[in-house]
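> Okay, predicted coordinates and the sequence, questions at the end:
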Amino acid sequence: MRFLLRYLGVLLLFGIGAVHLYEYFADHYRVVPVIGVLFAINFAGAVVLGLVLASPLSSLPGIGSVPIAGRAPQALVALGAIIFALGTIIGLLISEQGTLFGFHEYGYRTTVMLALGLESGAVVVLAGFLALEMRRLRTRPTYRTSL
């Protein structure tokens, strides 16, 4: 189940990035000051988070039996991705209710609803993955090395 939630989260992150890249070009957000740059950064951030979450971080080299990335690298990435998706939702809600960097979003057209669905889905799926990952880490035996 962890595997399924993890890779579903990866796909949702890629979807978030794709929607923001589409809006950057097709909806001409690239010409909107500050917001255009934020949409490009959102695309890049979603792709990077998705790739890192998909990578085998637990196989990173370590010192002795202690990995450099710690015991919970995927859990930390999932937490970061949840914060990223929530931040994107909050940014949209702010721009709907008022202005964000002088920009006001009007109406819930298809791409906005798709973005909200993907971002909400990512939060739910990655929260589920994070909960299972934390439970797994709590039950994993701790190995001590003697120096």
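Looks like it came in fine.
> Please enumerate residues in contact with the helix or strand harbouring residue 95?
Using DSSP states H and E, residue 95 sits in helix 73-97. Outside helix 73-97, the residues within contact range by CB atoms under 8 Å, 6 or more residues apart in numbering are 6, 9, 13, 16, 35, 38, 42, 45-46, 49-50, 52-53, 57-58, 60, 67, 70, 100, 103-105, 112, 115-116, 119-120, 122-123, 126-127, 129-130, 133-134, 137. C-beta coordinates here come from the backbone N, C-alpha and C atoms, glycine included.
> List the buried residues of that helix.
By neighbour count, with 16 or more other CB atoms under 10 Å as the criterion, the buried positions of helix 73-97 are 73-79, 81-82, 84-85, 88-89, 91-92, 95.
> from those, which is closest to residue 21?
In terms of CB to CB, no member of these lies closer to residue 21 than residue 88, at 13.3 Å.
> Look at the closest one and report its pLDDT.
We have a pLDDT of 95 for residue 88.
> I'd like the numbering to begin with 273 instead of 1 from here.
Okay, residue one is now 273; in that scheme the one you just asked about reads as residue 360.
> can you give me the strands in the protein?
Listed from the start of the chain, the chain has strands (DSSP state E) covering 334-335, 338-339.
> Out of those strands, which gets the lowest mean score?
Ranked on mean pLDDT, the bottom entry among those is strand 334-335, at a mean of 46.
> just to revisit the earlier point, closest to residue 303 among the buried residues of helix 345-369?
Within those, distances to residue 303 taken as CB to CB reach their minimum at residue 367, with 16.1 Å.
> remind me which residues of the chain are low pLDDT?
Low-confidence segments of the chain, defined by pLDDT under 70: 329-344, 412-419.
> now the helices for it?
274-297, 307-326, 345-369, 382-411 (DSSP state H).
> Residue 371: how many residues sit nearby?
By other CB atoms under 10 Å, 11 other residues sit near residue 371.
> Off-centre distance for stretch 285-294?
On the basis of CA atoms, centre = their mean, to the nearest Å, stretch 285-294 is displaced by 11 Å from the centre of the chain it belongs to.
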